[in-house]
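Undergrad: 3D model of this:
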Amino acid sequence: MSPVATNLLIILFWAASGSVIYTYLLYPALLFALSKLLGRTPTPPHPTTLPKASLLIVAHNEAAILDARIQNALATNYPADLLEIIVASDGSDDETASICARYAPRIRPLLFPHRRGKPATLEDAASRTTADILILSDANTFLDPDAARLLTRWFEDPTIAAVCGRLNLIDPATGRNADGLYWRYETFLKLHESRLGALLGANGAIYAIRRELLAPIPRGTIVDDFVIPLAAKLRTGSRLIYDPAAIAHEDSAPDLRAEFRRRVRISVGGWHSLLTLWPLLSPAHGFTALALWSHKVLRWTCPLALIAAVASSLALSSRPLYAALTIAQLLFHTLCITAALSPPAPTAARVLRLAGMFFSMNLALLVGFASWLRGNHTGAWQRTARS
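TA: Predicted coordinates for the structure are as follows:
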């Protein structure tokens, strides 16, 4: 092997390995330090009046849970004359219409006959309300009674475009909080990115946005809760806020297959979103650009980096250091694959659970990237079975 090829492989190995280490370990540490030094926790306003709001729930064939979801919406602690509850059916062919009819006129059903996907249905439904604020939620999400008040209070500040609440995951078998270490890790990133004014989108289960800022959603959008708030920020320079006091609850995925499918879809949607959001990658956008590169783009490329690291170290394995690094990587990946294929580990075996999750997440990212390259994506989502 020529010296030039050897040097290129060495650079490739350390760049690929460094990318993975930075994304998962160094970036959270950097984010925490920057947040403590330069960030600030936003102080919520205390408005004397509440804005007119629409709680907008998009559903496709969610009859099994829709009755309970509507009752949860009706229990919202918000003046009835200021809160409109809309259920927008995206081509449902189950009992959605009859369930909605039982609650009229306390809720407003919008029964669209053809399935077009959540973004198109959301955009159409938003155009049919005159409310100042849209509170967006999913059919399988249950809001705390005060969540709507906590979200809408922020809009007293005209510089705020959208507010994201906190989602708690619930184990459907036990009813207990199922927030694992990974979910707490993601919440940690969201909290400190918000302190730096670099919140990356929202969570479709619980967020609110000014209706005037919900511009036409780009065709083919999949992760609408990521694109809509960041597109508003890109257009107007307005702020996105994370309010952990506004809480929603949602069952975790019922099985690994459903969770894998969800992650693949998010991966496809993430790459597609860059067609709209790529200007935010410019350093001119400060901490937002740092977060978008570090938290999203580099993570989405992590499976490619892992493959590149193994391939380059294998090519360099005539050198003792890279032979050892190749063996270490292969052992690590074997552990991850074994953990992913094994039955759920007990609480004490968190390392195994994390290793399995790391493998399945990166496999989903890789499958999603390949699917995006092939153009296999649509705004219509595959419904997850509900408990």
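Undergrad: pull out the buried positions in the longest strand belonging to the chain.
TA: Secondary structure of the chain per DSSP state E: the longest strand is strand 239-251. Buried residues in strand 239-251, counted by 16 or more other Cβ atoms under 10 Å: 239, 240, 241, 242, 243, 246, 247, 248, 249, 250, 251. Every residue, glycine included, has its C-beta placed from N, CA and C.
Undergrad: any chance of those residues in TSV, with pLDDT and distance to residue 205 too?
TA: Listed next are those as TSV, based on pLDDT from 0 to 100; distance: Cβ to Cβ, whole Å:
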residue	pLDDT	distance to residue 205
239	95	21
240	96	16
241	95	16
242	96	13
243	95	14
246	96	11
247	95	10
248	94	5
249	91	9
250	89	5
251	81	11
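Undergrad: closest to residue 73 out of those residues?
TA: residue 248 (11.6 Å; Cβ to Cβ).
Undergrad: test my guess that that closest one contacts residue 204.
TA: No - judged on Cβ atoms under 8 Å, residue 248 makes no contact with residue 204 at a distance of 10.1 Å.
Undergrad: who touches both of those two?
TA: With contacts defined as Cβ atoms under 8 Å, 6 or more residues apart in numbering, the residues shared by residue 248 and residue 204 are residue 137.
Undergrad: test my guess that residue 271 contacts residue 301.
TA: No - taking contacts as Cβ under 8 Å, residue 271 lies outside contact range of residue 301: 9.9 Å.
Undergrad: now the common contact residues for the two.
TA: Joint contacts of residue 271 and residue 301 (Cβ under 8 Å, 6+ apart) do not exist.
Undergrad: show me the residue at the heart of the chain, geometrically.
TA: When Cα atoms, centre = their mean is applied to the chain, the residue found nearest the centroid is residue 203 (5.4 Å).
Undergrad: what residues are up against that one?
TA: 164, 165, 167, 225, 248.
Undergrad: in the chain, where's the longest helix?
TA: helix 350-374 (DSSP state H).
Undergrad: who are the packing partners of that one?
TA: Here helix 350-374 touches helix 181-195, helix 256-277, helix 298-300, helix 302-315, helix 320-341, going by 3 or more Cβ pairs under 8 Å, 6 or more residues apart in numbering; DSSP states H and E.
Undergrad: relative to helix 320-341, how tilted is that helix?
TA: For helix 350-374 against helix 320-341, the angle between stretch directions is 90 degrees (axes from the mean of the first three to the mean of the last three Cα atoms, to 10 degrees).
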